[in-house]
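Undergrad: Prediction below, plus the sequence it came from.
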Amino acid sequence: MDNQVYRPYVEEIEQLMRKVSFVVKCRGRDILGEFEITPPQFEALLLLRQHGDMTIGELGNKMYLASSTATDLIDRMERNGLVERFRDGSDRRVVRLRMLDKGREMILRVMESRRAYLDKILAHVTEEDKKVLVNSLQSIYDLMKEEYEK
């Protein structure tokens, strides 16, 4: 595979995407540290916001976590007032998770901080380049999502 010939720009785009992803991930962790929330806790909140109430097992599956790890994560989040457990109304044996107001507020505050950081960076980029970047990223994401969902 070392002899593979790639189309123009593939290697450069891959390297730049990896570099940008690394910086975003690192800066994102720094920002989360300011709010005293861990990356897995924040990811769990985002999933609950996107999918609504779910069981610990469902959340663990979406996060690729072992059951015991997901339970420990939820225990900490519950102690911090971010989520609560409740019995499912249609099957009392099922325990579901619900995001609390503090969790929703945490998402808003963290996202505002992340966007402020990105806004500061993008202030040095022309409007035209921002439009091209948005369109390019959307195109790449759509193609990747389509491939991933197959």
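TA: Received it, and whenever you're ready, just let me know what you need.
Undergrad: When you work out contacts or count neighbours from here on, use the C-alpha atoms and nothing else.
TA: Noted.
Undergrad: Give me the buried stretch members for stretch 94-105, please.
TA: Val95, Arg96, Leu97, Arg98, Met99, Gly103, Arg104 (16 or more other Cα atoms under 10 Å).
Undergrad: try stretch 4-24
TA: Buried, per 16+ other Cα under 10 Å, within stretch 4-24: nothing.
Undergrad: so what's the most centrally placed residue in the chain up against?
TA: Closest to where the C-alpha atoms of the chain average out (Cα atoms, centre = their mean) is Glu43, at 5.0 Å. Shown in contact with Glu43 (Cα atoms under 8 Å, 6 or more residues apart in numbering): Met63.
Undergrad: That one and Arg115: what is the separation?
TA: Glu43 is 17 Å from Arg115, where distance means Cα to Cα, to the nearest Å.
Undergrad: same deal with Glu14?
TA: Taking Cα to Cα, one finds Glu14 at 24 Å from Arg115.
Undergrad: With Ala123 instead?
TA: Computed as Cα to Cα, the Ala123 to Arg115 distance reads 12 Å.
Undergrad: what's the answer for Arg85, then?
TA: 31 Å.
Undergrad: The two: which has the busier surroundings?
TA: Arg85 (17 against 12; other Cα atoms under 10 Å).
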